[in-house]
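J.: Predicted model, plus sequence, below.
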Amino acid sequence: GNSVTQMEGPVTLSEEAFLTINCTYTATGYPSLFWYVQYPGEGLQLLLKATKADDKGSNKGFEATYRKETTSFHLEKGSVQVSDSAVYFCALTDPTGGFKTIFGAGTRLFVKA
Amino acid sequence: DAGVTQSPTHLIKTRGQQVTLRCSPISGHKSVSWYQQVLGQGPQFIFQYYEKEERGRGNFPDRFSARQFPNYSSELNVNALLLGDSALYLCASSGTTGSYNEQFFGPGTRLTVL
């Protein structure tokens, strides 16, 4: 079945450091891929998405590229800020899986000033 | 415009009781999905409804049921509550059921079962 695996956290970085959060997936069809962010005490917000192979999603300095050959969708940011501290979820939606969205377990990011 | 709204915000129940959670989607959105998020884990898909019909169901027991009304709002019902049902229940709406569509999440209902 479909699944998403992301790196375990927490990840602790200093401000202005480079961020990578790894995400790999398993899907039977051709999924769309998403990164969602959950700030403390808030609901999930879509951060970026990619709907086909080689697409690059980007938003707020974050980027992720849909790599079909490695079944990966790693999240990157060149210079993190304290305000980026949150939990990040990688997710996929596969129409052959009945349109449900499958989420990874989440990676908590702490950014120190 | 209002986002996805959910009620109540918090709920405390005891084992064996029944609970109803409510969700109002973004205006114009016809699809509503429900997710359970246990502390420290990612959301788990429970149901998706589109145009009042069930389009998807996750691996949850029959104690969980849902429905969608003509105005596209939705209710999630859980019967015979167990301690393990304690979680944040999230509702998400989208314009269609297309896999490329963004889902917009509500703030959730925090259910505690004692």
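T.: Yes, it's here.

J.: which helices and strands does the helix or strand bottoming out on mean pLDDT in chain A pack with?
T.: Ranked by mean pLDDT, DSSP states H and E, the weakest helix or strand in chain A is strand A:101-103, scoring a mean of 90. Using 3 or more C-beta pairs under 8 Å, 6 or more residues apart in numbering or on different chains; DSSP states H and E, the elements in contact with strand A:101-103 are strand A:3-6, strand A:86-93, strand B:31-37, strand B:44-50. (C-beta placed from N, C-alpha, C; glycine too.)

J.: Please name whichever of the ones you listed is nearest to A:L44.
T.: Ranking the helices and strands packed on strand A:101-103 by proximity to A:L44 (C-beta to C-beta) places strand A:86-93 first, at 6.8 Å.

J.: what residue ranges in chain B are flagged as low confidence?
T.: B:1, B:96-101 (pLDDT under 70).

J.: Pull the contacting residues for the spatially most central residue of chain B.
T.: Centrality entry for chain B: nearest residue to the mean C-alpha point is B:W34, 3.0 Å, by C-alpha atoms, centre = their mean. Contact analysis of B:W34 by C-beta atoms under 8 Å, 6 or more residues apart in numbering or on different chains lists B:23, B:45-48, B:66, B:74, B:76, B:89-92.

J.: what bridges to it?
T.: With DSSP bridges as the criterion, B:W34 is bridged to B:F47, B:C91.

J.: The residue of chain A found nearest chain B and B:G42: what is the separation?
T.: In chain A, the residue that lies nearest chain B is A:F103 (3.5 Å; C-beta to the nearest C-beta). According to C-beta to C-beta, to the nearest Å, A:F103 stands 4 Å off from B:G42.

J.: any common contacting residues for the two?
T.: Counting by C-beta under 8 Å, 6+ apart, the shared contacts of A:F103 and B:G42 are A:4, A:89, A:91.

J.: And for the least confident helix or strand of chain A, what's in contact with it?
T.: Residues from elsewhere that reach strand A:101-103, judged by C-beta under 8 Å, 6+ apart: A:2-4, A:34, A:36, A:89-94, B:33, B:35, B:42-45, B:92, B:103.

J.: can we see that at 6 Å?
T.: When contacts are defined by C-beta atoms under 6 Å, 6 or more residues apart in numbering or on different chains, strand A:101-103 is touched by residues A:2, A:4, A:89, A:91-93, B:42-43.

J.: what residues does chain A put near chain B?
T.: For chain A, the residues in contact with chain B (C-beta under 6 Å from any C-beta of the partner chain) are A:32, A:43-44, A:46, A:51, A:89, A:93, A:95, A:98-100, A:103-106.
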